[in-house]
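Participant: return a 3D structure for these sequence lines:
(chains A and B)
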Amino acid sequence: MKESIGKLGDWLDDRLMLGQLRDVASHKTVPSHRQSVFYYLGGMTLFFFIVQVVTGILLMLYYRPSGEEAFESIEFIMTTVPFGWLIRSIHSWSANLMVYFAFVHLVTVYFMKAYRPPREITWITGCILLFLLMGFGFSGYLLPWNKLAFFATKVGTDIAGSLPVVGEWTMRFLRGGERVTGGTLSRFYGWHVAILPAVTVMLLGIHVVLVQLKGMSVPPAIEEEAKKKAPMPFFPHFAMRDLFGWTLALAVLASLAALFPWELGEKADAFAPAYANIRPEWYFVFMFQALKLVPGGEILGIEYEAIAILLFNLGAVVLILVPFLDRGVRKNGRSPGFTIAGVVALAVIIGMTMWGYMSVVPLLIVLGTGLMLWLVALVTRHSDEGGGK
Amino acid sequence: MADSNPVPTRRRFINWFLGTSIGALLASIVYPVSRYVSPPDVPEATTNQVEAGATNDPELIQKGFKIVRFGADPVILVRASDTDFRAFSATCTHLDCIVEYHPDRKRLYCNCHGGEYDLQGKNVAGPPPKPLSVYTVKVSSAAAGQPGTIVIVRA
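Facilitator: Here you go, the predicted model:
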């Protein structure tokens, strides 16, 4: 028996070059320094993505993408299908945590200046992946066909429609017609379960392979420190910590889903007013709040609101181009201007989100995240003497 | 190329021929697909007037407004006073949400981004760029003392 397993192993080894893969894995290391904790964030985002794929496929078994049946099919999932409430709640919670960790990953990578050469393409694919995740959020939001979903989609697609020249066509393309109807729902379903996953998996593949090829970036400010310490072997040391984090994340996810099941709300009605305090998902709230502040009016035939929206798009383009704009970091590893700009942008986003919710909770969540990362840094510290292994 | 007026060689001819064929092949795929993904215009029956119920409709009296189907569009019928009924497009001119009426403040209000309109449909506060379009309201009473029937007409 043991012999035949060995033979099978050899047979696979010859064909799949497992030995070489094992060799690469055994040589892979992760730099060890006081900011090493940030290296876990990308993997954490990946974990939530995997949860999304699995729970998403499960939801597809019962979900029916049409204006007449969507809401009822989710009601069925939540009330009749065994553990349906759990699967759907995990899908909703994990979606939010995935976007949140993608944000935190982006912010830490930005401040560690990991976008500098030769990792520009890793940065660009990462930014596009974040936008794709927001696209997942936006398209998935409509699928329950409740009132919140209906108005969020009306507003979101109308925002696209306010862009000059291409706006009208884009809005019709997104909605599948003039109005948000069951036809829009079918379209969004197609985006959510086919187009976006295909593009995301492709980009994710490039992103992860690039991280393997180029290794983890060490922030310029602590290169000296990192040189003094022995790097942590990826396998088993880093992988074990990753896995521990994923187990913890699964526990948090299960608790959230069980204790705070995601609400379904009321069925969408194209002939009912928007209800009081209606708001988009938290990651759109800072833009939502900004749009509330822009007065009506136009300049040179362009509405003020379209200008605000164009500025947000410009912000996204600037974010993608950061590796090429930041010349200082390429020259001497220093770019305090970009650090300050990052702090200001972050403060504006957090401030606008707090304003949008009229609450300090967003700030507390950010501070809580900082505290959590600090604790994780303490627990996962790598000591060469063998204590932390 | 040095020769400003070259005699086309056989290779050049074939290259040009194959190159344009590939272009044509791509166009023959891209064009139908791009037309397919752009939703077609579906003709809609034009609605010119709808009946919106009686003047003593409990919903209208209690909330001060109700949303009426005007073809595929929502229209808001506002009860400004016992005898004064007004109708506007219920679609906020800002970002397409559906407005409601706040009788205490005599304002039409959009919950999405806080846009406000007065009882002429004029945008008076918040982000809306344009006024709401106004519809004509006709009240026909069957007999004196009886509640009338409200009819909304496209202005």
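Participant: give me the residue from the stretch 51-200 of chain A nearest chain B.
Facilitator: Chain B sits closest to residue A:158 of the stretch 51-200 of chain A, with a gap of 4.0 Å, by CB to the nearest CB. (Each C-beta comes from the backbone N, C-alpha and C, glycine too.)
Participant: and that residue, that's in a helix?
Facilitator: Yes - secondary structure of residue A:158 (DSSP: H, G, I helix; E, B strand; the rest coil): part of a helix.
Participant: residues contacting it?
Facilitator: Listed by CB atoms under 8 Å, 6 or more residues apart in numbering or on different chains, the contact partners of residue A:158 are A:171, B:95-96.
Participant: just the closest of those residues to residue B:53, please.
Facilitator: Comparing those against residue B:53 with CB to CB places residue B:96 closest, at 25.6 Å.
Participant: the closest one and residue A:18, how far apart?
Facilitator: Distance, residue B:96 to residue A:18, using CB to CB, to the nearest Å: 55 Å.
Participant: neighbour count winner among the two?
Facilitator: Neighbour count, other CB atoms under 10 Å in any protein chain shown: between residue B:96 and residue A:18, residue B:96 has more, with 23 against 13.
Participant: which intervals of chain A have sub-threshold pLDDT?
Facilitator: For chain A, the stretches with pLDDT under 70 are A:382-389.
Participant: need the residues of it near chain B, please.
Facilitator: A:151, A:154-155, A:157-159, A:162, A:169, A:172-173, A:175-177, A:179, A:183, A:270-278, A:288, A:291-298, A:303-305 (CB under 8 Å from any CB of the partner chain).
Participant: from these, which would you call buried?
Facilitator: The neighbour-count criterion (16 or more other CB atoms under 10 Å in any protein chain shown) marks A:151, A:154-155, A:157-159, A:162, A:172-173, A:175-177, A:179, A:183, A:270-274, A:278, A:288, A:291-292, A:294, A:296, A:303-305 among those as buried.
Participant: quick one: the strands in the stretch 151-300 of chain A?
Facilitator: A:232-233, A:298-299 (DSSP state E, counting those that start in this stretch).
Participant: right, and the helix or strand after the longest helix along chain A?
Facilitator: Determined from DSSP state H, the single longest helix within chain A is helix A:84-111. Using DSSP states H and E, the helix or strand that follows helix A:84-111 in sequence is helix A:120-142.
Participant: can you give me the offset of that following helix from its chain's centre?
Facilitator: 6 Å (CA atoms, centre = their mean, to the nearest Å).
Participant: got the CA coordinates for that helix in CSV?
Facilitator: Taking Å, rounded to 0.1, in the frame of the first residue of the first chain, the C-alpha atoms of helix A:120-142 are listed here in CSV:
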residue,chain,number,x,y,z
GLU,A,120,4.4,48.9,-10.0
ILE,A,121,2.3,46.2,-11.8
THR,A,122,1.6,44.5,-8.4
TRP,A,123,0.3,47.9,-7.2
ILE,A,124,-1.8,48.5,-10.3
THR,A,125,-3.4,45.0,-10.3
GLY,A,126,-4.1,45.5,-6.6
CYS,A,127,-5.9,48.8,-7.2
ILE,A,128,-8.0,47.4,-10.0
LEU,A,129,-8.8,44.4,-7.8
LEU,A,130,-10.1,46.8,-5.1
PHE,A,131,-12.3,48.5,-7.7
LEU,A,132,-13.5,45.1,-8.9
LEU,A,133,-14.4,44.2,-5.3
MET,A,134,-16.4,47.4,-5.1
GLY,A,135,-18.1,46.4,-8.3
PHE,A,136,-18.9,43.0,-6.7
GLY,A,137,-20.4,44.9,-3.8
PHE,A,138,-22.4,47.2,-6.0
SER,A,139,-23.8,44.4,-8.3
GLY,A,140,-24.4,42.0,-5.4
TYR,A,141,-26.3,44.7,-3.5
LEU,A,142,-29.1,44.7,-6.0
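Participant: so where is chain B shaky, pLDDT-wise?
Facilitator: In chain B, residues with pLDDT under 70: B:1-4, B:142.
Participant: would you agree residue B:75 falls within a strand?
Facilitator: Yes - under three-state DSSP, residue B:75 sits within a strand.
Participant: could you check how far it is from chain A?
Facilitator: For residue B:75, the distance to chain A equals 9 Å [CB to the nearest CB, to the nearest Å].
Participant: quick one, what contacts that residue?
Facilitator: B:50, B:67-69, B:87-90, B:135, B:152.
Participant: could you rerun that using 6 Å?
Facilitator: The contact partners of residue B:75, taken as CB atoms under 6 Å, 6 or more residues apart in numbering or on different chains, are B:68, B:87, B:90, B:135, B:152.
Participant: likewise for residue B:147?
Facilitator: B:54-56.
Participant: highest neighbour count among the residues you listed?
Facilitator: residue B:55 leads the contacts of residue B:147 on contacts (other CB under 10 Å) with 19 neighbours.
Participant: residues contacting it?
Facilitator: Neighbours of residue B:55 in contact, by CB under 6 Å, 6+ apart: B:147-148.
Participant: stretch A:321-335: which residues count as buried?
Facilitator: Applying 16+ other CB under 10 Å to stretch A:321-335 flags A:322-323, A:326, A:329, A:335 as buried.
Participant: any idea how far it is from the chain center?
Facilitator: 25 Å.
Participant: give the buried residues for stretch B:50-68.
Facilitator: B:50, B:52-55, B:57, B:60, B:64-68.
Participant: ok, which residues in chain B are in contact with chain A?
Facilitator: Along chain B, the residues adjacent to chain A under the rule CB under 6 Å from any CB of the partner chain are B:39, B:67, B:69, B:74, B:95-98, B:100, B:111-114, B:123, B:127-129.
Participant: so which of those are in helices?
Facilitator: Going by DSSP H, the helices hold none of these.
Participant: in PyMOL, how would I select just the buried ones from those residues?
Facilitator: Buried residues among those (16+ other CB under 10 Å), as a PyMOL selection:
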select buried, chain B and resi 39+67+74+95+96+97+98+100+111+112+113+123+127+128+129
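Participant: sorry, back to before: just the buried ones from the contacts of residue B:75?
Facilitator: B:68, B:87, B:90, B:135, B:152.
Participant: what's the closest of those residues to residue A:38?
Facilitator: residue B:90 (49.1 Å).
Participant: reformat the contacts of residue B:147 as JSON lines; add secondary structure.
Facilitator: Output for these, formatted as JSON lines (three-state DSSP):
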{"residue": "B:54", "secondary structure": "strand"}
{"residue": "B:55", "secondary structure": "coil"}
{"residue": "B:56", "secondary structure": "coil"}
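Participant: specify which member of these is nearest to chain A.
Facilitator: residue B:54 (18.5 Å).
Participant: list the residues that contact that closest one.
Facilitator: Residue B:54 neighbours (CB under 6 Å, 6+ apart): residue B:147.
Participant: picking up where we left off before, out of the contacts of residue A:158, which comes closest to residue A:284?
Facilitator: Looking across those and measuring by CB to CB, the closest to residue A:284 is residue B:95, at 12.4 Å.
Participant: so the closest one touches residue A:156, yeah?
Facilitator: No - look at residue B:95 against residue A:156 with CB atoms under 6 Å: they stay out of range, at 8.6 Å.
Participant: ok, how many other residues are close to residue A:364?
Facilitator: Residues near residue A:364, counting by other CB under 10 Å: 11.
Participant: so it versus residue A:62, what's the distance?
Facilitator: 37 Å.
Participant: so which strand or helix has residue 15?
Facilitator: Answering for chain A, as no chain was given. Assigned by DSSP H and E, residue A:15 falls in helix A:2-16.
Participant: hm, I was asking about chain B
Facilitator: helix B:10-37.
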